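1. Sequence and predicted model, in that order:
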Amino acid sequence: MDHRLKKIKRLILEERVRFTLKAEMELDDCLEKRDVYEAVLSADEIYKVLNSTNPYTGKKEKLYIIKRLTYDDILI
């Protein structure tokens, strides 16, 4: 398993996760943060890595895209 994915999973288990406003808005009535956690914790790979710039700090950062099903078979 990719070391970056292991780090992301450990951060979830340590409850050191912050959702962006956009991510919060994308969670609709049938999804909860728990669903996102389930999907990431069961993932076995990072789908895509995007280069980005933090709009608040101007610093470069990487965004990790992880696609996986929740335990209720909802694709996240």
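-> Nice, I can see it.
2. what are the ranges of the helices in the chain?
-> 3-13, 21-26, 33-42 (DSSP state H).
3. most packed of those?
-> Across these, the average number of neighbours (mean count of other CB atoms under 10 Å) peaks for helix 33-42, which reaches a mean of 16. Backbone N, C-alpha and C define where each C-beta goes, glycine included.
4. Determine how far that helix lies from the middle of the whole chain.
-> Computed by CA atoms, centre = their mean, to the nearest Å, the chain-centroid distance of helix 33-42 equals 8 Å.
5. and of the helices of the chain, who's closest to residue 74?
-> helix 33-42 (6.3 Å; CB to CB).
6. Quick one: list the elements packing against the closest one.
-> helix 3-13 (3 or more CB pairs under 8 Å, 6 or more residues apart in numbering; DSSP states H and E).
7. where among the helices of the chain is the average confidence lowest?
-> Per-stretch mean pLDDT for the helices of the chain is lowest at helix 21-26 (a mean of 84).
8. Pull the residues that contact stretch 47-59.
-> With contacts defined as CB atoms under 8 Å, 6 or more residues apart in numbering, stretch 47-59 is touched by 60, 61, 62, 63, 64, 65, 66, 67.
9. thinking again about what came up before, kindly present the helices of the chain as CSV, with separate columns for distance to residue 52.
-> Shown next, in CSV, are these (distance: least, CB to CB, whole Å):
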stretch, distance to residue 52
helix 3-13, 15
helix 21-26, 12
helix 33-42, 18
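10. Many thanks, have a good one.
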